[in-house]
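Visitor: Here is a sequence with its predicted model. Questions after.
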Amino acid sequence: MIGNIIKKARKNQKLSQRELAKLTGLTQAGISKLELGGCDPSAKTMIKLTEILGLKDELFPPEIIDDEIDMDLEKRVERRVETRLEARLEARLESRLKEDITQDLLNDLKTEVENKLENKLEIKLSEIKNDLLNNLRKEIKFEFNERFDPILQMLTRNLSCETCNAKQ
């Protein structure tokens, strides 16, 4: 808003940005930024602009100035600039808080998902381990039986025969 007022007044006085920059002590890029609303002018710059461009009523309308307080122009400008800066800072802070809250929620969700996946993985690994152990037990038992069954049968037969022979 201030940028548009400055631009309009500059054009009404048929000044280029370069000429206004020289009169205010700013650069042409600085004037361009002010006009585009890319930055807020300092109190001293506001005073210079109001004097050069005759903008006292446009930039400092009576409704923003407290009649009971006799402030000089620089203090009024500072108050206006501070108000605008506070509004911008509040907007940035709110935006930043939303980003932080969103990031915190995403991190919490990520942690929760990772924990659930980890638990499921542990359960699955435990099941696989138990299955492998059972299969290994079966294989060992089968192999044991296959190797030692003939020996046990022969020993059992020999013992039976010796027992039978001993009784006779």
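Guide: Everything's here; your move. Only a predicted model underlies this, so the values are computations on that prediction, with no experimental measurement involved.
Visitor: Output stretch 81-98 as PDB, restricted to C-alpha atoms.
Guide: Once non-C-alpha atoms are left out, stretch 81-98 reads as follows in PDB (Å, rounded to 0.1, in the frame of the first residue of the first chain):
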ATOM      1  CA  VAL A  81       6.700   0.900  10.700                       C
ATOM      2  CA  GLU A  82       6.900  -1.100  13.900                       C
ATOM      3  CA  THR A  83       3.200  -2.000  13.600                       C
ATOM      4  CA  ARG A  84       3.700  -3.200  10.000                       C
ATOM      5  CA  LEU A  85       6.800  -5.200  11.100                       C
ATOM      6  CA  GLU A  86       5.000  -6.700  14.000                       C
ATOM      7  CA  ALA A  87       2.200  -7.900  11.700                       C
ATOM      8  CA  ARG A  88       4.700  -9.400   9.300                       C
ATOM      9  CA  LEU A  89       6.600 -11.100  12.100                       C
ATOM     10  CA  GLU A  90       3.400 -12.500  13.600                       C
ATOM     11  CA  ALA A  91       2.400 -13.900  10.100                       C
ATOM     12  CA  ARG A  92       5.900 -15.500   9.700                       C
ATOM     13  CA  LEU A  93       5.800 -16.900  13.300                       C
ATOM     14  CA  GLU A  94       2.400 -18.400  12.700                       C
ATOM     15  CA  SER A  95       3.600 -19.900   9.400                       C
ATOM     16  CA  ARG A  96       6.700 -21.300  11.100                       C
ATOM     17  CA  LEU A  97       4.700 -22.800  14.000                       C
ATOM     18  CA  LYS A  98       2.400 -24.500  11.500                       C
END
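Visitor: quick one: it to chain centroid distance?
Guide: 18 Å (Cα atoms, centre = their mean, to the nearest Å).
Visitor: who touches it?
Guide: 40, 41, 42, 43, 46 (Cβ atoms under 8 Å, 6 or more residues apart in numbering). Just so you know, the C-beta spots here come from the backbone N, C-alpha and C atoms, and that holds for glycine as well.
Visitor: residue contacts, the third one?
Guide: By that I understand residue 42. residue 81.
Visitor: What pLDDT does the model give it?
Guide: pLDDT for residue 42: 79.
Visitor: Could you number the chain from 594 rather than 1 from now on?
Guide: Understood, numbering begins at 594; the last thing we discussed is residue 635.
Visitor: where does it fall, phi/psi-wise?
Guide: Backbone geometry at residue 635, expressed as degrees, to the nearest 10, gives phi -70, psi 170.
Visitor: re the thing from before, sort out for me which of the contacts of stretch 674-691 are in helices.
Guide: By the criterion of DSSP state H, membership of the contacts of stretch 674-691 in helices covers 636, 639.
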